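**Q** no sequence on this one, just coordinates:
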């Protein structure tokens, strides 16, 4: 979906409220990043309904280069075949909360081979 907005004397938060809320998208700010998610009313297919499951689990950790131990800032962590995911912060930390189930998780970073695991 492409959205264009002209705004003058508006804060970023006001613009996000205007554009996202009317399109069924919720957001929150986490460590200077805007995290988007479909709001519950917009989630229609089966995979989205699982998001509403009352039992949830969180996977989290730090991504580091195996050889050097250097943290990987901005690495992607996502559930294969969905739009669910997150990125690592300035410390290489990530956290992703999902409905209780098993998921194919992909860890991706520019210049590295993708790593897959099942959680």
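**A** That came in fine, so what should we check first? Predicted model only: the values in this text are computed from it and were never measured. Numbering: from 1, shown residues only.
**Q** How about residue 18, nearest residue that isn't a chain neighbour?
**A** Nearest residue to residue 18, sequence neighbours excluded (C-beta to C-beta, 6 or more residues apart in numbering): residue 5, at 7.1 Å. For the C-beta atoms, the positions are set from N, CA and C on the backbone; glycine is no exception.
**Q** show me the contacts for the one you found.
**A** The contact partners of residue 5, taken as C-beta atoms under 8 Å, 6 or more residues apart in numbering, are 15, 18, 19.
**Q** any idea what the second one is structurally, helix, strand or coil?
**A** Secondary structure of residue 18, reduced to three states by DSSP: H, G, I helix; E, B strand; the rest coil: helix.
**Q** What separation is there between it and residue 102?
**A** Using C-beta to C-beta, to the nearest Å, residue 18 is found at 38 Å from residue 102.
**Q** the bottom helix or strand of the chain by mean pLDDT?
**A** When the helices and strands of the chain are scored by mean pLDDT, DSSP states H and E, helix 46-50 comes last with a mean of 51.
**Q** ok, back up a step: and residue 18 and residue 102? which has more neighbours close in?
**A** Legend: neighbour count by other C-beta atoms under 10 Å for residue 18 and residue 102, higher for residue 18 (14 against 8).
**Q** Could you measure from that one over to residue 25?
**A** 12 Å.
**Q** on that earlier part again, for the contacts of residue 5, give me a markdown table that also has pLDDT and distance to residue 94.
**A** Shown next, in a markdown table, are these (pLDDT from 0 to 100; distance: C-beta to C-beta, whole Å):
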| residue | pLDDT | distance to residue 94 |
| --- | --- | --- |
| 15 | 83 | 27 |
| 18 | 79 | 30 |
| 19 | 79 | 26 |
